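Q: Can you look at this prediction? I've put the sequence above it.
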Amino acid sequence: MRRLYIAVLCVWSALAHAELPETDWLALMPADDQQALEAMPEITHRGPEGDGTFTSKGGLKQEPGLPAVMYSAKTVARLDGKQIRIGGYPVPLESDAHGRSTQFFLVPYPGACIHVPPPPPNQLILVRFAKGIQLDDIYTPLWVSGTLRVEKVSNDLADAAYALNAATVRVVQESDL
C-alpha cells in the first residue's frame, strides 16, 4: 500500500509541474482574420516609426491606411477563461518597487514595440503578473502561463484584445526549443 501511495504522489507531482501545451498566436485570431492575414500584401515600414521618430504617445499604435486585418480586435470566444501557455516577447508597462515587471504586453515577435506596423489587437496580450519578473532585455522570449480573458485593453501605447492573469512567467530556455 505504501508503494502505491508513493507512486501516486510521484505521478501527481509530475502532473502538477507539467506545463500546458503551447498555444499558437494564430489560434487567437478567428479563421476569417487568418485568411485575410495570409492574403495581405507586403507592408512597408515608411512613416514616423520607420524613420526612427515617435509620436508623443509612443510608437506601437497602428498607422491609418493598413489592411483591416491589421486593426482587428476580433477574438475567439472559446478561449475566454482558458488556461494557456504562450511564448512571446515583452513590452514592459508597469514595475514593482524592485524593478520587476508586473504588467506588460506580450507580442508574437521581437521588437514589436519599435517595429512598424505593430501586431493587430488580437495579437497583443496584456499580461498581469503580480509576482513580477526581472526583464533585462525585451528581445528575450518568455513563456507565459495562466488564464486568458477576452478583454479589450487600450492605453497610449497600444490596443489589445486579450488579457492574461499569469500564474507563471519564465524565460524560454534553449532546452525548450
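A: Happy to help now that I have it.

Q: Does A158 touch F104 like I think?
A: No. A158 lies out of contact with F104 (Cβ atoms under 8 Å); the separation is 11.0 Å. (Each C-beta comes from the backbone N, C-alpha and C, glycine too.)

Q: what touches both of these two?
A: Common contacts of A158 and F104 (Cβ atoms under 8 Å, 6 or more residues apart in numbering): V91.

Q: More neighbours: which of these two?
A: More neighbours surround F104 than the other of A158 and F104, with 28 against 24 (other Cβ atoms under 10 Å).

Q: and the nearest residue to the more buried one once chain neighbours are set aside, what does it touch?
A: Spatial nearest neighbour of F104, chain neighbours left out: P90 (4.4 Å); criterion: Cβ to Cβ, 6 or more residues apart in numbering. Each residue near P90 by Cβ under 8 Å, 6+ apart is listed here: 101, 104-107, 127, 135, 138, 140, 142.

Q: For my notes, confirm N122 occurs in a helix.
A: Yes. Under DSSP: H, G, I helix; E, B strand; the rest coil, N122 falls within a helix.

Q: tell me the contacts of the most centrally placed residue in the chain?
A: Centroid-nearest residue in the chain: L106, 2.8 Å away (criterion: Cα atoms, centre = their mean). L106 sits next to 86, 88-91, 124-127, 142, 144, 164 when contact means Cβ under 8 Å, 6+ apart.

Q: Name the nearest of those relative to K74.
A: Checking the contacts of L106 against K74 by Cβ to Cβ gives L124 as the nearest, at 13.0 Å.

Q: pretty sure the closest one contacts Y109?
A: No. If you go by Cβ under 8 Å, L124 and Y109 don't touch, sitting 11.4 Å apart.

Q: Between the two, tell me which one has more neighbours.
A: For L124 versus Y109, neighbours defined as other Cβ under 10 Å are more numerous around L124 (26 against 12).

Q: Mind listing the residues bridging to the residue found closest to the more buried one once you drop the neighbours it is linked to in the chain?
A: Once flanking residues are discounted, L124 sits nearest to A160: 3.9 Å by Cβ to Cβ, 6+ apart. Beta-bridge pairing for A160 (DSSP bridges): V153.
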